[in-house]
Structures are given as C-alpha cells and as structure tokens.
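1. 3D model of this:
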Amino acid sequence: MSISRLLAIAAFTLAAALVASVEWAARREGSRIPTLGDLCAGVMRYRVGRVPVGRVAVLGLWWWLGWHFFAR
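-> Numbers count the residues shown, from 1 in each chain. Predicted structure coming up:
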C-alpha cells in the first residue's frame, strides 16, 4: 500500500472522527451546538425569493461528490 493511500485513509478517518465528536457534543443536554440534522434542515430551508438556494446547493454538492468519487 502506498503512502498517499495511507494518508488519504487517515485523513478520511480523522474527518469522520471529528464529525462524530461534534455530533456527540451537540447531543449533550444543554448544548448550544446544532446537530448535523439541524444544520442540514437550516441549509435546506434557505431561500432567496422563490428560489430554494439551499436545496440547489445540496444537490450540487451531491452531484460533485458523485462525479468525483463514483464516476471513475
């Protein structure tokens, strides 16, 4: 296994651990940190006039991720 592959795996593992720890901190009683679900709901509600900008941004993010990770 190459060093770049190991670094990539370590980076994704670290990112997942960071997301899990922030989510854990958000779910503690009395926490003012929003959960991941609350954050996604806030983004999805964002509108400029009649245009659902948040939904378009989330769709664009999923498209970009799919294109870069699954289309190869």
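2. going forward, measure contacts and count neighbours with C-alpha atoms only.
-> Will do.
3. show me which parts of the helix or strand where residue 12 lies are buried, residue by residue.
-> Following DSSP states H and E, one finds residue 12 within helix 3-26. Neighbour counts over helix 3-26 (16 or more other C-alpha atoms under 10 Å) mark 23, 26 as buried.
4. give me the residues contacting the helix or strand following that helix.
-> Downstream of helix 3-26, the first helix or strand assigned by DSSP H and E is helix 36-45. Applying C-alpha atoms under 8 Å, 6 or more residues apart in numbering, the contact partners of helix 36-45 are 23, 52, 53, 54, 55, 58.
5. now do the helix holding residue 12: distance to the chain's middle.
-> Offset of helix 3-26 from its chain centre (C-alpha atoms, centre = their mean, to the nearest Å): 12 Å.
6. by how many degrees do that helix and helix 36-45 diverge?
-> 90 degrees (axes from the mean of the first three to the mean of the last three C-alpha atoms, to 10 degrees).
7. residues contacting helix 3-26, please?
-> Identification of contacts with helix 3-26 by C-alpha under 8 Å, 6+ apart yields 31, 32, 33, 34, 35, 36.
8. quick one on the thing from earlier: just the buried members of the contacts of helix 36-45?
-> Buried among those (16+ other C-alpha under 10 Å): 23, 53, 54, 55.
9. tally of neighbours for the closest residue to the second one other than its chain neighbours?
-> Spatial nearest neighbour of residue 53, chain neighbours left out: residue 47 (5.2 Å); criterion: C-alpha to C-alpha, 6 or more residues apart in numbering. Other residues near residue 47 number 13, with proximity taken as other C-alpha atoms under 10 Å.
10. how about the one 3 residues further on?
-> Under the neighbour criterion other C-alpha under 10 Å, residue 50 is assigned a count of 6.
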